[in-house]
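Enquirer: the following block contains a protein sequence and its predicted model.
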Amino acid sequence: MSQDYDFKSLESRWQAKWQELRLFEPHGDGEPYYCLMMYPYPSGALHMGHIINYSIGDAMVRYHLMRGRRVLTPMGWDSFGLPAENHAIRTGTPPAESTKKCIDAMRRQMIRAGFGYDWSREIATSHPGYYRWTQWLFLKFFEKGLAFRKRAPVNWCSSCRTVLANEQVHDDACERCGTVVDQKDLEQWFFRMSSYAQRLLDGHEQLQGKWPDRVIKMQKAWIGRSEGARLEFEIVAPGAECHGEKIPVFTTRPDTTYGVTFFSLAPEHSLVVDLVRGTEREQEVLEACRKMRNQDRVERASEESEKTGVFTGRHVRNPFDGSLAEIWVCNYVLMDYGTGAVMAVPAHDQRDFLFARKYGLPVKVVIQPSLEEPLAEASMTESHEGGGVQVASGPLDGIDSRVEAIRQMTSYAKEQGFGDFSVHYRLKDWLLSRQRYWGAPIPIVYCEECGIVPVPEAELPVLLPKEVEFRPAGDSPLATCESFVRTRCPRCQREARRETDTMDTFVDSSWYLYRYLSPGDEERPFDAETARNWIPVHQYVGGIEHATMHLIYARFFAMVLHDLGLLEAEEPFQRLFCQGMVCARAYRCETHKWLSKEEIDLDGMTCKECGGPVTSEMTKMSKTKKNGVSPDALFEQYGADTVHTSILFSGPPDQSVDYNERSVRGIHRFLRRFWDTLVSLVPKVSGVEPWTAGRSGDLSGNWKTTRRVCHGTLKRVTEAFDKHGFHFNTCIAGSMESLNALRAAGDPKTEEERAACRESILLMTQILAPFAPHLAEELWDRLEQPGPSIFRQPWPCVDQDALAVEEVEIAVQVNGKLRGQIRVPAGVEKEAALATAREAASVQKHLQGKTIKREIYVPNRLINFVAR
């Protein structure tokens, strides 16, 4: 048998063995453990940014197998949507063909990596057998009134040529391509997610301590609960259809309502057109609205940005005092918050104040910080947003409590029928329509007689036609396919037309965790009884960038499925771990944006195509930025175990790391040294019973140290998994320390030493198994251990007695500077330790001629003599 570390041969052999054993299919009657990694977009190939996610999950899977649990570890493909379609457009290949090639390539990479997945459960969301049930679930939402259609201003990406959900817009730009997003009015399909806002917030209570605090914090901010009042202002617009209608506003400061001096509408507000229709101001207002809608929304909402607006020529009536206020359209009012209408109180809101000063609008103080030194409206340089005493507020004058003023104002509005106490959520309904080809068709038919008609369940799936020009042109590509659009109404059998938008890919990923449970089921999306045993997912692993998108959508879906009686659980994921990003240098020029290294003249840092200057930055690996590092060459040169172990050793797994191949080479040297050392010792301990806890016998100091270090590492690794910290970098560092201790112990000579040596080899092999599984399997086999796989063997127990330290090394300082070290019995008395330190030659030299003024003692760690 070869003594060389032939990683290619042994990795191939053990991957075949795992497949033969069906190692990663749930077996036995152990406690169920569902470990799920976020599945990838098949829009290229895996890079090292993917590898960290899957390596973390793989280590968890293997550890829990060794703990005797019945582990579910599936894998699939988020194969519909923009990433896959954009890849198809770049390569000029139809999405179905392009996506299949990507899936095949990525599957090969995952198998080469040795990741432990149950491939019998593989799914792809673009397969008709999957999206049939995505469409079925849409119909269930529709029946419950949770899927609905309305005309609304939407986020439009001119580059991707599709609508984006609010969660897909970051800093006013498309999260996929970075293009500034425009606003556009379209008829769209939505899920009524806003009605679940409070439940989504309440659910955080059971996730506390199990999900990262920052994810919960991000979700709470995104859902954005605010308590206040809903007030209605009457429109005063003689001659307009909307004259006399009520405009609702949400405000957290109803105590300032007597200070309203104008009324603001968002440029997207549907009332704007009605207010100015047929008036001399119509063209001016609508043109101003168009410009405002195309402004950066983050800038629009900022206090520092310029406030712009236009007067509509109309007014509202203040429901409290009957006064009239002008209606303006203002760039700083957004439809995303409240109702898109704001009662403007310039004396007590800074943005309103800046706007009023710019356009010469009145400022009215209704809360004075001090009656002795009252604010004068004319001389104010900024708004007063704090508390004080109510003035010019009718019956509220003299109240000096904001809470009481708010309560009285809102109670009065409720009694008079023009308002009430209200809770507002920032969370909007989920916009799911996409004007793209590569997605699940929405199963709806439009009939002139019957209106909106759902496709009967028996006719699902509504298949995506193949002969379609898939490149987006603004409208849905499906609209150009006559054979798809033309159909019969399921109710009256008259001619009708199909919905031509497709569903957001986040719909697919909101329920994929359930389909894994019964992927071949043709009667239902998933089996409820099976779900009762496996859901919520015990451990979910993925990126924090999904905190306000996928992770909220999936929680919403779980709650709806629970309400539909399809799911017992209300939360999809019991525990969540968000891995850090793997960063690499990315390059770009102004003309061609992101460039690969091959597209750059690295000497002059210029773009080869246009000759323009190129800048670089360290940023997250991504296909878009062309800075992903492929693991394929690393597998070939160093092996899968090296790749897994190196990425996990790079740093705490929840923090970002900069990729550096030097660390890969360093880990490869460690694994070779690990292999060489253990392989050389295996024949020397063959047939020897390993040392066990409680065994009596004498061991030399080095072998006691080896046992202590090995059991200390075992304790560290066990706690990393069981306490969900997953600090695998320190676990691997512990394996290095154990190897150093074993090598320092030398060859075992006595029966006791051989027993301790065999125990140490076994422990070290099992400890390393979750991180370097192929190497561990081979060593376990050479140790002639029972069973077909190390992962079918129980995880070892820590021998607490082995952790006991007989001697400790204490650093000795003189006036704060290290002057020597002493070894003393663990737990030594203070005076004995000080006496030993004073007698050390290296210390005496620095105390000579001085008087010790103070002695500082930190038990078992440090002594410091303060001497003059």
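Expert: Nice, I can see it.

Enquirer: any idea how far apart the tips of stretch 141-160 sit?
Expert: End-to-end distance of stretch 141-160 (Cα to Cα, to the nearest Å): 28 Å.

Enquirer: how far is that stretch from where the chain is centred?
Expert: 23 Å (Cα atoms, centre = their mean, to the nearest Å).

Enquirer: repeat for stretch 528-538
Expert: That offset, for stretch 528-538, works out to 22 Å (Cα atoms, centre = their mean).

Enquirer: check stretch 403-418 too.
Expert: On the basis of Cα atoms, centre = their mean, stretch 403-418 sits 41 Å off its chain's mean C-alpha point.

Enquirer: show residues contacting that stretch.
Expert: Applying Cβ atoms under 8 Å, 6 or more residues apart in numbering, the contact partners of stretch 403-418 are 228-229, 231-232, 246, 253-255, 257, 319-320, 390, 393, 395-396, 399, 419-421. All C-beta spots, glycine's among them, are computed from the backbone N, C-alpha and C.

Enquirer: now with 6 Å?
Expert: By Cβ atoms under 6 Å, 6 or more residues apart in numbering, the residues outside stretch 403-418 that reach it are 229, 231-232, 254-255, 319, 390, 396, 399, 419-421.

Enquirer: repeat that for stretch 712-725.
Expert: 63, 726-727, 731, 734, 738, 763, 767, 798, 803.

Enquirer: skip the chain neighbours and tell me the closest residue to Gly57.
Expert: Distances taken as Cβ to Cβ, 6 or more residues apart in numbering place Met37 nearest to Gly57, at 4.0 Å, with adjacent residues excluded.

Enquirer: farthest pair within the contacts of stretch 712-725?
Expert: Spatially, the most separated pair among those is Phe726 and Leu803, at 22.3 Å (Cβ to Cβ).

Enquirer: compare those two (neighbour count), which wins?
Expert: Using other Cβ atoms under 10 Å, the more surrounded residue of Phe726 and Leu803 is Phe726, with 20 against 14.

Enquirer: residues in contact with that one?
Expert: So Phe726 contacts 653, 720 (Cβ under 6 Å, 6+ apart).

Enquirer: in a strand, it, correct?
Expert: No. Assessed with DSSP: H, G, I helix; E, B strand; the rest coil, Phe726 is coil; it does not lie in a strand.

Enquirer: shouldn't Thr500 be in contact with Ser476?
Expert: Yes. Here Thr500 lies in contact with Ser476, judged by Cβ atoms under 6 Å, at a distance of 4.1 Å.

Enquirer: ok, the two, which is more surrounded?
Expert: Ranked by neighbour count (other Cβ under 10 Å), Thr500 and Ser476 place Ser476 first, with 24 against 21.

Enquirer: wait, isn't the more buried one in contact with Arg498?
Expert: No. Taking contacts as Cβ under 6 Å, Ser476 lies outside contact range of Arg498: 10.4 Å.

Enquirer: flag the shaky bits of the protein, pLDDT-wise.
Expert: Scanning the chain with the threshold set as pLDDT under 70 gives 1-2, 165-168, 170-171, 175-176, 474, 592.

Enquirer: center of it - which residue?
Expert: Centroid check for the chain by Cα atoms, centre = their mean gives Ile544 as the closest residue, at 2.4 Å.

Enquirer: quickly find the element holding the nearest residue to it once chain neighbours are set aside.
Expert: Leaving aside its sequence neighbours, Ile544 sits nearest to Cys578 (Cβ to Cβ, 6+ apart; 4.0 Å). Using DSSP states H and E, Cys578 sits within strand 576-579.

Enquirer: same thing with Ser226?
Expert: Taking DSSP H and E as the criterion, Ser226 maps to strand 225-236.

Enquirer: in that strand, what's buried?
Expert: Applying a neighbour-count criterion of 16 or more other Cβ atoms under 10 Å, one finds 228-235 buried in strand 225-236.

Enquirer: what helices and strands are in contact with whichever helix or strand comes after it?
Expert: Using DSSP H and E, the helix or strand that directly follows strand 225-236 along the chain is strand 246-251. Secondary-structure packing of strand 246-251 (3 or more Cβ pairs under 6 Å, 6 or more residues apart in numbering; DSSP states H and E): strand 225-236, strand 341-344.

Enquirer: what comes into contact with the shortest one?
Expert: Under the criterion Cβ under 6 Å, 6+ apart, residues 247, 249, 260, 262, 264-265, 333, 352 lie in contact with strand 341-344.

Enquirer: alpha carbons of whatever helix or strand comes next after it, as PDB, please.
Expert: Sequence order places helix 350-359 as the next helix or strand after strand 341-344, per DSSP H and E. The C-alpha trace of helix 350-359 is given here as PDB (Å, rounded to 0.1, in the frame of the first residue of the first chain):
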ATOM      1  CA  GLN A 350     -36.600  69.700   9.000                       C
ATOM      2  CA  ARG A 351     -37.400  68.600   5.400                       C
ATOM      3  CA  ASP A 352     -40.700  70.500   5.500                       C
ATOM      4  CA  PHE A 353     -38.900  73.500   6.900                       C
ATOM      5  CA  LEU A 354     -36.300  73.600   4.100                       C
ATOM      6  CA  PHE A 355     -39.000  73.200   1.500                       C
ATOM      7  CA  ALA A 356     -41.100  76.000   3.000                       C
ATOM      8  CA  ARG A 357     -38.200  78.400   3.200                       C
ATOM      9  CA  LYS A 358     -37.300  77.700  -0.400                       C
ATOM     10  CA  TYR A 359     -40.800  78.300  -1.700                       C
END
